[in-house]
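S.K.: whatever this is, show me its structure:
(chains A, B, C and D)
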Number of protein chains: 2
Amino acid sequence: MVSIRDISSKCGLSVSTVSKALNGYSYVKEETRRKVIETAKELGYVPNASARALKTNRTFTLGILFADDQHNGLTHLYFSHVLNSFKSEAEERGYNITFIHKRYGKQTITLLQNCKFRGIEGVCIACVEPDEPEVQELAGSDVPVVSIDYIFPGCGCVLSDNRNDMSELVRYVHSKGHKKIAFVHGTDSYVTQQRINGYVDTMRGLGLEIKREYMLESLYANPHTAKKATEKLLRMEDRPTCILLPDDVSAFGAIEAIREAGLKVPEDISITGYDGVVYSQLIYPRLATIRQDTGRIGREAAKLLIFNIKHAQNPNLVPIVIKGELLAEQSVGFAR
Amino acid sequence: MVSIRDISSKCGLSVSTVSKALNGYSYVKEETRRKVIETAKELGYVPNASARALKTNRTFTLGILFADDQHNGLTHLYFSHVLNSFKSEAEERGYNITFIHKRYGKQTITLLQNCKFRGIEGVCIACVEPDEPEVQELAGSDVPVVSIDYIFPGCGCVLSDNRNDMSELVRYVHSKGHKKIAFVHGTDSYVTQQRINGYVDTMRGLGLEIKREYMLESLYANPHTAKKATEKLLRMEDRPTCILLPDDVSAFGAIEAIREAGLKVPEDISITGYDGVVYSQLIYPRLATIRQDTGRIGREAAKLLIFNIKHAQNPNLVPIVIKGELLAEQSVGFAR
DNA sequence: CTGAAAGCGCTTACAG
DNA sequence: CTGAAAGCGCTTACAG
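M.R.: The predicted structure follows:
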């Protein structure tokens, strides 16, 4: 590997001058700079990130912590979109992306130790069990953290506008004449709380009855538990005319249950999804849903994290809320 | 940050002894080792990866190059699954994962330079425009490369068994009585070539006519171009009784075209997908398709890459072929 | 079994 | 504008 020293001897200059010329700092005679750069190219010089990091204490590396309760990880349709835009934005700003894990050779260390070890400058936490002690430790450490769809005290965060988006969804369904609106919600979490609040308050505001039996729990992104919940709702004497599902994948499960019951969407019963993944718009009937602006969520998260790295003494902790978009599609019909 | 030097002074030992004790090499008195480890824990010592890498020339970091022609990147359903298992396997073996890109601060460098700069030990190339000069440069360099679904000369690779899987699909469709089998294939690539070969040879072997008009090109993972191609096939006088699509996402486009033509799957026309993504089994009719073993593909790629890093002088370049699984589902009916 | 010394490749005050 | 020197935190022959 050719080093700065090779350039220096070839040019007859000191190592420090070469370093300055290469990095464009301080005063270096234009001619000298040109000669150095030319020689570097000629020799195929590539700097050594480890050496630089050791000296400057900067790695320009952001970590991603990314694992949901069902271990979908990267295959989670919603979060893979968020991650994708996070990555683009971060790379554009000169940062590298890596994944945080617990391995250290053949041993196991904590997530925080892994970050320290590798000199990771900041971490984006998404789609993770926030109650895990190691995640808490990381979020409470001096490593800047930005979370998505969850609030860690003292950390920046980007949130989708669950409460208001949910409210909009309920109002839309109501505008189609529905009064008996069931809500199959995800398991308990910050997001779920927000959505339940949006649902309950809006129902109340519209003067609609909130039936305890109309609110069922199901795992996120799990069509099977969603199917079960839907079946339960369909069996009720006074069954709902519309079912709100926790996400689009769950909606696929609901559709299956409805079809197996010999019913049709939206003629016999209406449903909605959540997230607005591409598949929800490729089926018939197209799914009424909330399309999350995953591009903005990821980009804002990257920007915020980088900002907070630069302003570690005075980070921006105000939640950034990203509004979703109602897709008023075919799976909601007029209530009869 | 507490360093090895802090431990050494606290213990009254030399830095070298501390290093040896911590790393478990060479002879260190058991008592000494215990004292060092205890003090390290007490002080909250975490090693410095940059310093170690600078000295040992090893980063234990694998790079991912990952961008398809349509810039789906991480959101590509098939490849995100492959990546997910690649990541698990690599991390279990003590390697870190990062993404390769062209940024160097505010400047742009080549992919190979980025790898050299960051000391990346090996790269997994997936879902990329293999003809790009920078990708070629990387694949032809001394950095070990493993590719997925593509063969770079001199590099290891993991391939799905496109030719045989395609053949199995055609034979399955034929077993249901279909003779007029159209093939909407993806744009030209290694994978496409293999599948076309599988299609053509099997059709021929079954004594079926191969109509030039039955073979149409469409972008991968693009429901819109697939829909267009399907519409074209449906308008033909002598239209096919079954259409093979390039992937499951495309199949969604085909289904739309068929529905809009007032026809039904599989009663009026049969279709198949490819890849076996989860959504293909959540719709009605469930999609007949080839389910790729993305878990194995990713794991084998990681294992192979790590093997080739360790055996750089004598790498394993024999393609690893991973068979898919035929899902004989509802979207193919009996030909009338 | 332990330690002194060199050095990985770079950056950066400091002096000139 | 240029250079000598120190040092980032670690590992590793080598000597004892």
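S.K.: quick check: pLDDT value at the closest residue to residue A:194 other than its chain neighbours.
M.R.: With sequence-adjacent residues excluded and distances taken as Cβ to Cβ, 6 or more residues apart in numbering or on different chains, residue A:194 is closest to residue A:162, at 3.8 Å. To be clear about C-beta, it is placed using only N, CA and C from the backbone, and glycine gets the same treatment. Note for residue A:162: predicted pLDDT of 97.
S.K.: cool, residue A:209 as well?
M.R.: 94.
S.K.: does it fall in a helix, a strand, or a coil region?
M.R.: coil (DSSP: H, G, I helix; E, B strand; the rest coil).
S.K.: quick one, what contacts it?
M.R.: By Cβ atoms under 8 Å, 6 or more residues apart in numbering or on different chains, the contact list for residue A:209 reads A:179, A:203.
S.K.: so the residue nearest to residue A:194 touches residue A:195, yeah?
M.R.: Yes: using Cβ atoms under 8 Å, residue A:162 is in contact with residue A:195, at 4.9 Å.
S.K.: number of residues surrounding the residue nearest to residue A:194?
M.R.: When neighbours are counted by other Cβ atoms under 10 Å in any protein chain shown, residue A:162 registers 23.
S.K.: for it, grab phi and psi.
M.R.: Torsion angles at residue A:162 (phi, psi; degrees, to the nearest 10) stand at phi -60, psi -40.
S.K.: what separation do you get for it and DNA strand D?
M.R.: 43 Å (Cβ to the nearest atom of the strand, to the nearest Å).
S.K.: how about the residues of the stretch 1-150 of chain A by chain B?
M.R.: A:1, A:46-51, A:53-54, A:59, A:61, A:73-75, A:77, A:80-81, A:83-84, A:87, A:91-92, A:94, A:96-99, A:101, A:103-106, A:113, A:116-119 (Cβ under 8 Å from any Cβ of the partner chain).
S.K.: can I have the buried ones of those residues as a PyMOL selection?
M.R.: Command for PyMOL that selects the buried part of the residues of the stretch 1-150 of chain A next to chain B, burial taken from 16 or more other Cβ atoms under 10 Å in any protein chain shown:
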select buried, chain A and resi 46+47+48+49+50+51+53+54+59+61+73+74+75+77+80+81+83+84+87+91+96+97+98+99+101+103+104+113+116+117+118+119
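S.K.: among the residues of the stretch 1-150 of chain A next to chain B, which ones are in strands?
M.R.: Per DSSP state E, strands hold the following members of the residues of the stretch 1-150 of chain A next to chain B: A:61, A:96, A:97, A:98, A:99, A:103, A:104.
S.K.: what about the helices in the stretch 201-336 of chain A?
M.R.: A:223-235, A:248-260, A:294-310 (DSSP state H, counting those that start in this stretch).
S.K.: residue A:240 contacts residue A:213, correct?
M.R.: No: judged on Cβ under 8 Å, residue A:240 makes no contact with residue A:213 at a distance of 9.4 Å.
S.K.: now look at stretch A:250-269 and say if it contacts chain B.
M.R.: Yes: if you take Cβ under 8 Å from any Cβ as the test, stretch A:250-269 does meet chain B, through A:252, A:253, A:255, A:256, A:259.
S.K.: would you list every one of the strands in the stretch 151-300 of chain A?
M.R.: A:156-160, A:181-185, A:215-217, A:242-244, A:270-272, A:289-291 (DSSP state E, counting those that start in this stretch).
S.K.: switch the ones you listed over to TSV; also include mean neighbour count.
M.R.: Putting these into TSV (neighbours: other Cβ atoms under 10 Å in any protein chain shown) gives the following:
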stretch	mean neighbour count
strand A:156-160	24
strand A:181-185	26
strand A:215-217	16
strand A:242-244	29
strand A:270-272	27
strand A:289-291	25
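S.K.: quick one on the thing from earlier: out of the residues of the stretch 1-150 of chain A next to chain B, who's near DNA strand D?
M.R.: A:51, A:54 (Cβ under 7 Å from any atom of the strand).
S.K.: hang on, the earlier thing: which of residue A:240 and residue A:213 has more neighbours?
M.R.: Taking neighbours as other Cβ under 10 Å, residue A:240 and residue A:213 compare with residue A:240 leading, 23 against 12.
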